[in-house]
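Engineer: Below: sequence and its predicted model.
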Protein chains: 2
Amino acid sequence: MNLRRAIAERAGEFLLFAVTPPRLSTGADEAAEIGRVTLERLRQLPIDGLILYDIDDESDRNPEERPFPFLPTMDPAVYLDRDLADLELPAIVYRAVGKYPEDHLRSWLAGQDPSRTLTVFVGAASRNKPVLTTLPRAYELRNGTAPDLSLGGVAIPERHAENGEEHLRLISKQRAGCSFFVTQIVYDVNAAKDLVSDYLHGCAEQGLETVPLVFTFSVCGSLKTLEFLRWLGVNVPRWIENELRHADDTLDASYEQAVANATDLIAFCRRLGVPFGLNVESVSNRKIEIDASVRLAERLGSEFHR
Amino acid sequence: MNLRRAIAERAGEFLLFAVTPPRLSTGADEAAEIGRVTLERLRQLPIDGLILYDIDDESDRNPEERPFPFLPTMDPAVYLDRDLADLELPAIVYRAVGKYPEDHLRSWLAGQDPSRTLTVFVGAASRNKPVLTTLPRAYELRNGTAPDLSLGGVAIPERHAENGEEHLRLISKQRAGCSFFVTQIVYDVNAAKDLVSDYLHGCAEQGLETVPLVFTFSVCGSLKTLEFLRWLGVNVPRWIENELRHADDTLDASYEQAVANATDLIAFCRRLGVPFGLNVESVSNRKIEIDASVRLAERLGSEFHR
């Protein structure tokens, strides 16, 4: 499986795993050790690429108190170059474009090997945030500097549930150069189906082909993590929240739920003929939750037609 | 399968079919013929009881224009006595209690054989509507006059999605004498699961046993019927609406959707240990849609553990 080709040919059927870089305050030796352990963990997994998130302080997105404190993290591009140099898979490096001056972003784009790196541009979390580079400008930079670099966008089913226009946003990002989309964590399958369906019909109306939609899943090992998911804007349906709250083992229950949701979405996309991928991330950095994420990725890896 | 016992013992696993009585303007001969055809149709079905709806003019519930004109229908109790006398199954006679003077309702209740008749009380569709008997008063009448008559209530998942309190409403109806609940037509499985889950946990908190929840399904053969479902307050998720709109055969697509939704809810209720039943109705009176409803009931009848 060649990730770049699976995207370019709109075939989908690929599995990603996502990690957040270490905290910015992490010493060089410790970051190297985290990188080493991460690579070791990834080698066991049937994945086709590694997502590296770019964490922005999103406290202006949500006035509620953040359940986990915000701690700045390393630039994922730096982490990849320095501590994940032995990665044998393509990396999808997120770029919270508003954090970077134009020159910085341009030179990063120019320096990437498109057979090893892909990127996803993320806009500012709120309109009030001052940005160094806007999302439209970032698209221009990529199209001018590195048109061969596979570019993805973010898809948010919850936003579609609110305004019914997320599919149009995807289509306009696609016209700006995106060739795949990655959702935030999905617990509300119905909202995800609404987005997939409207995206499919929107593409058909505009004479476009659908590109792969990558659905992200996570486990949730505690009510604190559940609270954090909500803070991040993930809609956890009431019945799933009840199951997690009342489960003997919240982590196991969330694992089962993620498998059920993923298989439901897989069947849905196959029936509609919309290409898809899956992505597994661990929201928490507790070892038990990371281990469960690894098990989830192994489990979901068995669902693909290849 | 004895319906009354399956309800009293909170076992569930029963199938109902629902019909609307003929229009009030129907002549006696024609009504008799409709009754005869209905009984013939029911004889082929693996059902455990027949629901007879009591249609109220609900135009004050919804300010939008009604897609099908409202035409008053026969009193279901009269239709049962006169035209469905040969029914070999228990009948669940709906009573839109606001339509009836107290004396009328009391004498009807007193005249029923609890081994053959069950009832469901329905309150007024809007608060502004003048009522002859209120729902609380109807409960008093039944408890005083016919405490052995199985009494059901209406459950509306869409109302739960709006206010999160429908489960408390069910619990209070249960305390007033209801021993089962029938939903309006379910297209939004997620909303139904939310209600089931909150109802289960609400009962547990109050030390009550859950009683059977009967989920209603229908086919939808045209966009006009879809519009009518919406007018009735049924939430049809966006992706299901898209499927019905774009299907080569809307009726077939809605049939498949109803089967998928029912099996999903069945698995959910079994896992949670909440007793359930299923109910199939035809919203439209076109023969092709009625025939598809009959097929749907046959299909759903195969899902029970008996």
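Structural biologist: Sure thing, it's come through. Not measured: the values here are computed from a predicted model.

Engineer: So residue A:17 sits against residue A:52, correct?
Structural biologist: No. Using Cβ atoms under 8 Å, residue A:17 and residue A:52 do not qualify as a contacting pair, with a distance of 10.3 Å. Where you see a C-beta, it was placed from the backbone N, CA and C, and this is true even at glycine.

Engineer: my guess is residue A:252 is in a helix, correct?
Structural biologist: Yes. Counting by DSSP: H, G, I helix; E, B strand; the rest coil, residue A:252 falls inside a helix.

Engineer: what about it, how many neighbours?
Structural biologist: Taking other Cβ atoms under 10 Å in any protein chain shown as the neighbour definition, residue A:252 ends up with a count of 13.

Engineer: measure the residue nearest to residue A:68 when sequence neighbours are not counted to chain B for me?
Structural biologist: In space, residue A:68 comes closest to residue A:228 once its chain neighbours are excluded; the distance is 5.7 Å by Cβ to Cβ, 6 or more residues apart in numbering or on different chains. From residue A:228 across to chain B, the span is 22 Å (Cβ to the nearest Cβ, to the nearest Å).

Engineer: Now for residue A:228: which residues touch it?
Structural biologist: Neighbouring residues of residue A:228 by Cβ atoms under 8 Å, 6 or more residues apart in numbering or on different chains: A:66, A:67, A:68, A:283, A:284.

Engineer: Just the buried residues out of the residues you listed, in PyMOL syntax.
Structural biologist: Remark: buried members of the contacts of residue A:228, expressed as a PyMOL selection using 16 or more other Cβ atoms under 10 Å in any protein chain shown:
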select buried, chain A and resi 283+284
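
Engineer: Just put the contacts of residue A:228 in CSV and tack on distance to residue A:171, secondary structure and pLDDT.
Structural biologist: Converted to CSV, the contacts of residue A:228 look like this (distance: Cβ to Cβ, whole Å; DSSP: H, G, I helix; E, B strand; the rest coil; pLDDT from 0 to 100):
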residue, distance to residue A:171, secondary structure, pLDDT
A:66, 32, coil, 80
A:67, 34, coil, 81
A:68, 34, coil, 77
A:283, 29, coil, 83
A:284, 34, coil, 83
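
Engineer: ok, now which ones touch the residue nearest to the spatial centre of chain A?
Structural biologist: In chain A, the C-alpha closest to the average C-alpha coordinate belongs to residue A:182, at a distance of 4.8 Å (Cα atoms, centre = their mean). Contacts for residue A:182 (Cβ under 8 Å, 6+ apart) come out as A:16, A:51, A:92, A:120, A:152, A:153, A:154, A:155, A:214, A:216, A:279.

Engineer: neighbours around the second one, how many?
Structural biologist: When neighbours are defined as other Cβ under 10 Å, residue A:51 has 24 of them.

Engineer: again with residue A:277
Structural biologist: For residue A:277, the count of nearby residues is 25 (other Cβ under 10 Å).

Engineer: helix, strand or coil for it?
Structural biologist: Residue A:277 falls in the strand class when you classify it by three-state DSSP.

Engineer: got the residue ranges for the helices in the stretch 51-200 of chain A?
Structural biologist: In the stretch 51-200 of chain A, the segments counted as helices under DSSP state H, counting those that start in this stretch are A:76-83, A:102-110, A:135-145, A:157-163, A:166-175, A:189-205.

Engineer: ranking those helices by burial, who's on top?
Structural biologist: helix A:189-205 (a mean of 21; mean count of other Cβ atoms under 10 Å in any protein chain shown).

Engineer: any idea of the angle that helix forms with helix A:166-175?
Structural biologist: With axes from the mean of the first three to the mean of the last three Cα atoms, to 10 degrees defining the directions, helix A:189-205 sits at 50 degrees from helix A:166-175.

Engineer: Can you name the next helix or strand after helix A:189-205?
Structural biologist: Downstream of helix A:189-205, the next assigned helix or strand under DSSP states H and E is strand A:213-217.

Engineer: name the element the closest residue to residue A:187 other than its chain neighbours belongs to?
Structural biologist: If you skip the residues right next to it in sequence, residue A:187 has residue A:236 as its closest partner in space, 4.5 Å away by Cβ to Cβ, 6+ apart. Under DSSP H and E, no helix or strand contains residue A:236.

Engineer: circling back: may I see the contacts of residue A:182 arranged in CSV, with distance to residue B:78 as well?
Structural biologist: Shown next, in CSV, are the contacts of residue A:182 (distance: Cβ to Cβ, whole Å):
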residue, distance to residue B:78
A:16, 64
A:51, 66
A:92, 68
A:120, 66
A:152, 65
A:153, 62
A:154, 60
A:155, 56
A:214, 59
A:216, 58
A:279, 61
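
Engineer: Surely residue A:180 is in contact with residue A:274?
Structural biologist: No. In this structure, residue A:180 is not within contact of residue A:274 by Cβ under 8 Å, at 11.9 Å.

Engineer: Compare these two and say which one has the larger neighbour count.
Structural biologist: It is residue A:180, of residue A:180 and residue A:274, that has more neighbours when counted by other Cβ under 10 Å, with 27 against 20.

Engineer: List the beta-bridge partners for that one.
Structural biologist: Beta bridges link residue A:180 to residue A:152, judged by DSSP bridges.

Engineer: any idea how far it is from chain B?
Structural biologist: Counting by Cβ to the nearest Cβ - residue A:180 and chain B are separated by 21 Å.

Engineer: Any idea how many residues pack against residue A:57?
Structural biologist: 14.

Engineer: wait, doesn't it sit right on residue A:73?
Structural biologist: No. Contact status for residue A:57 versus residue A:73: not in contact, 10.1 Å apart, counting by Cβ under 8 Å.

Engineer: First-to-last residue distance for stretch A:145-164?
Structural biologist: Here the two ends of stretch A:145-164 are set 33 Å apart, with distance taken as Cα to Cα, to the nearest Å.

Engineer: Equivalent analysis for stretch A:179-191, please.
Structural biologist: Between the opening and closing residues of stretch A:179-191 there is a gap of 22 Å (Cα to Cα).

Engineer: Show the average pLDDT along that stretch.
Structural biologist: Within the predicted structure, the mean pLDDT of stretch A:179-191 is 97.

Engineer: residues in contact with stretch A:53-63?
Structural biologist: Judged by Cβ under 8 Å, 6+ apart, the contacts made with stretch A:53-63 from elsewhere in the structure are A:18-21, A:66, A:70, A:72-73, A:75-76, A:93-96, A:98-99, A:122, A:124-126, A:128-129, A:231-233, A:281.

Engineer: try it again with 7 Å
Structural biologist: Stretch A:53-63 is contacted from outside by A:18, A:20, A:66, A:70, A:73, A:76, A:94-96, A:99, A:122, A:125-126, A:128-129, A:231, using Cβ atoms under 7 Å, 6 or more residues apart in numbering or on different chains.

Engineer: Report the buried members of these.
Structural biologist: The neighbour-count test (16+ other Cβ under 10 Å) marks A:18, A:20, A:73, A:76, A:94, A:95, A:96, A:99, A:122, A:125, A:231 as buried among those.

Engineer: so what's residue A:243 up against?
Structural biologist: The contact partners of residue A:243, by Cβ under 7 Å, 6+ apart, come to A:253, A:257.

Engineer: For it, what are phi and psi?
Structural biologist: As for residue A:243, its main-chain torsions (degrees, to the nearest 10) stand at phi -60, psi -40.

Engineer: Just the pLDDT for residue A:64.
Structural biologist: The per-residue pLDDT reported for residue A:64 equals 78.

Engineer: quick check, nearest of the contacts of stretch A:53-63 to residue A:141?
Structural biologist: Of all the contacts of stretch A:53-63, residue A:95 has the smallest distance to residue A:141: 10.2 Å, by Cβ to Cβ.

Engineer: so what's the closest one bridging to?
Structural biologist: For residue A:95, the beta-bridge partners under DSSP bridges are residue A:121.

Engineer: Thought residue A:118 was touching it, still the case?
Structural biologist: No. Look at residue A:95 against residue A:118 with Cβ atoms under 7 Å: they stay out of range, at 11.0 Å.
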